[in-house]
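Peer 1: Build the 3D model from these lines:
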Amino acid sequence: MLLTCPVAAQMDSDLTVLDSRVGELFAQGQYSEALVVAERLAASAKVQTGEESRAYASALSWIGLIHWTAGRFAQAEAMFVLALVI
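Peer 2: All right, here's what the predicted structure looks like:
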């Protein structure tokens, strides 16, 4: 019998929804809005899964990609480096 924690499942679901929303906004070229959601995703992932989690690294990568696309290369590099360290 497999038991799952409803709270943990809800946290994963919340992060998945935010991650999907960042992807949608990015694909639509709505980079400012995507950045806001990506930053919220990063903050949530950091609290819910920790600073060394895959979810947090993924969120930092989204932030880096959005900065890169907007031509903010130094900010993008900083996010990519943080994500790679994880």
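Peer 1: middle-most residue in the protein, spatially?
Peer 2: In the chain, the centroid-proximal residue (Cα atoms, centre = their mean) is residue 59; its distance is 1.9 Å.
Peer 1: so for the helix or strand hosting that one, what's the average pLDDT?
Peer 2: Taking DSSP states H and E as the definition, residue 59 sits inside helix 54-69. Computed over helix 54-69, the mean pLDDT rounds to 97.
Peer 1: one step back: against residue 27, how distant is the residue nearest to the centre of the chain?
Peer 2: Using Cβ to Cβ, to the nearest Å, residue 59 is found at 17 Å from residue 27. Bear in mind the C-beta positions are built from the backbone N, C-alpha and C, glycine included.
Peer 1: sorry, back to before: verify the contact between the residue nearest to the centre of the chain and residue 48 for me.
Peer 2: No. Assessed by Cβ atoms under 8 Å, residue 59 is found out of contact with residue 48, at 10.8 Å.
Peer 1: re the thing from before, and the helix holding residue 59, what's buried?
Peer 2: 55-67 (16 or more other Cβ atoms under 10 Å).
Peer 1: out of these, who's nearest residue 80?
Peer 2: Closest to residue 80 out of the buried residues of helix 54-69 is residue 64 (4.3 Å), distances taken as Cβ to Cβ.
Peer 1: of the buried residues of helix 54-69, closest to residue 23?
Peer 2: Residue 23 has its nearest neighbour among these in residue 62, at 8.0 Å by Cβ to Cβ.
Peer 1: residues in contact with the closest one?
Peer 2: For residue 62, the contact set (Cβ atoms under 8 Å, 6 or more residues apart in numbering) comprises 19, 22, 26, 34, 38, 41-42.
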